[in-house]
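**Student:** Have a look at this fold, sequence not included:
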């Protein structure tokens, strides 16, 4: 018999990087479920616009996920205004693409700071709160790129492998508690981050609303692996059974090896915004090139 879905009404959720894209649509879905939502983002003005659009008492708080003190302040403000946190969605992330051999250090550091440290800080700050309450649900947004290496996005893939690995390890450490951990692994999502990307065979591109629906589903029926679309799950299982030569051949058949090999001109607007997403790295040479 299927378990009764958890009731989300009244639960408090904090979402990082939620001014736009997947984070915004997740917040929208949460509001529809009757949840109280705090969205954190470096772009406070856009976050405030999003909060007003979503309504339902949604609040916007300035957040720099690369600064642990800022993450702590975000969670503190959420609890002060909405109550104890039931759900944290570590959503903030960037994807800057290009050949690994020509990637400048600032671009690599920016992705590691946001995609790795941002998730880690969120986890380290929220888990003690969950322990104190005796329950909670941690949702980390990884990527299908966290299960394989795709040319053109080496550093990005590496950061998402980290998210999958740290989520698995922490889940093991929390076994026997009432704290759930879920790792969301979307394919290509039709957001600004995916500008210029190609489509793999057999795996359709999805919308941020699809990812949001997957997150809501896992809050109601907790599970660790959350593939969006769900068809990625069986593909991943098949690949894990093949020897390396077989996996690589299968990836080539799906044309997944070309998904992240893009024309920089097709991603100019996104790459520029991503280059400004870590205030401590404003002097990056890559950013000056993008602004010419």
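**Tutor:** Sure, I can see it. These numbers were taken from a predicted model, which means no experiment stands behind them.

**Student:** got the end-to-end distance for stretch 92-107?
**Tutor:** Using Cα to Cα, to the nearest Å, the end-to-end distance of stretch 92-107 comes to 16 Å.

**Student:** Next, report how far that stretch is displaced from the centre of its chain.
**Tutor:** Offset of stretch 92-107 from its chain centre (Cα atoms, centre = their mean, to the nearest Å): 17 Å.

**Student:** again with stretch 142-151
**Tutor:** Worked out by Cα atoms, centre = their mean, stretch 142-151 lies 13 Å from the chain centre.

**Student:** quick one: buried residues of it?
**Tutor:** 142-148, 150-151 (16 or more other Cβ atoms under 10 Å). In short, each C-beta sits where N, CA and C put it, glycine included.

**Student:** Just put these in TSV and tack on distance to residue 46.
**Tutor:** Output for the buried residues of stretch 142-151, formatted as TSV (distance: Cβ to Cβ, whole Å):
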residue	distance to residue 46
142	24
143	23
144	27
145	26
146	27
147	31
148	32
150	29
151	32
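
**Student:** of the residues you listed, closest to residue 65?
**Tutor:** residue 142 (15.0 Å; Cβ to Cβ).

**Student:** you'd agree that closest one is up against residue 168?
**Tutor:** No: at 10.3 Å, residue 142 does not count as touching residue 168 under the criterion of Cβ atoms under 8 Å.

**Student:** which neighbours do those two share?
**Tutor:** Counting by Cβ atoms under 8 Å, 6 or more residues apart in numbering, the shared contacts of residue 142 and residue 168 are residue 183.

**Student:** can you give me phi and psi for the residue nearest to residue 149 when sequence neighbours are not counted?
**Tutor:** Nearest residue to residue 149 in three dimensions, chain neighbours excluded: residue 157, at 5.0 Å (Cβ to Cβ, 6 or more residues apart in numbering). As for residue 157, its main-chain torsions (degrees, to the nearest 10) stand at phi -60, psi -40.

**Student:** cool, residue 189 as well?
**Tutor:** Here residue 189 shows phi and psi, under degrees, to the nearest 10, equal to phi -110, psi 130.

**Student:** so who does it touch?
**Tutor:** By Cβ under 8 Å, 6+ apart, residue 189 lies in contact with 21-22, 205-208, 210-211, 228.

**Student:** can we see that at 10 Å?
**Tutor:** Contact partners of residue 189, counting by Cβ atoms under 10 Å, 6 or more residues apart in numbering, are 21-22, 25, 143, 197, 205-211, 228.

**Student:** What of residue 163?
**Tutor:** Counting by Cβ under 10 Å, 6+ apart, residue 163 touches 90, 93, 115-116, 118-120, 123, 140-143, 145-146, 183-185.

**Student:** Apply 8 Å and report the result again.
**Tutor:** If you count contacts by Cβ under 8 Å, 6+ apart, residue 163 has them with 90, 115-116, 119, 140-143, 146, 183.

**Student:** Just give me the least confident of these.
**Tutor:** Minimum pLDDT for the contacts of residue 163 is recorded at residue 146 (87).

**Student:** show me where pLDDT drops low in the stretch 1-150 of the chain?
**Tutor:** 1-2 (pLDDT under 70).

**Student:** what about 50?
**Tutor:** 1 (pLDDT under 50).

**Student:** quick one on the thing from earlier: which one of the contacts of residue 189 is nearest residue 54?
**Tutor:** residue 25 (9.9 Å).

**Student:** tell me the contacts of the closest one?
**Tutor:** 207-209, 211-212.

**Student:** Please pick the buried ones from those.
**Tutor:** 208-209, 211-212.

**Student:** Residue 135: which of the residues you listed is nearest?
**Tutor:** Nearest member of these to residue 135, counting by Cβ to Cβ, is residue 212, at 22.4 Å.

**Student:** Shouldn't that closest one be within a helix?
**Tutor:** Yes: with DSSP: H, G, I helix; E, B strand; the rest coil as the criterion, residue 212 is part of a helix.

**Student:** is it true that it touches residue 29?
**Tutor:** Yes: using Cβ under 8 Å, residue 212 makes contact with residue 29 at a distance of 4.0 Å.
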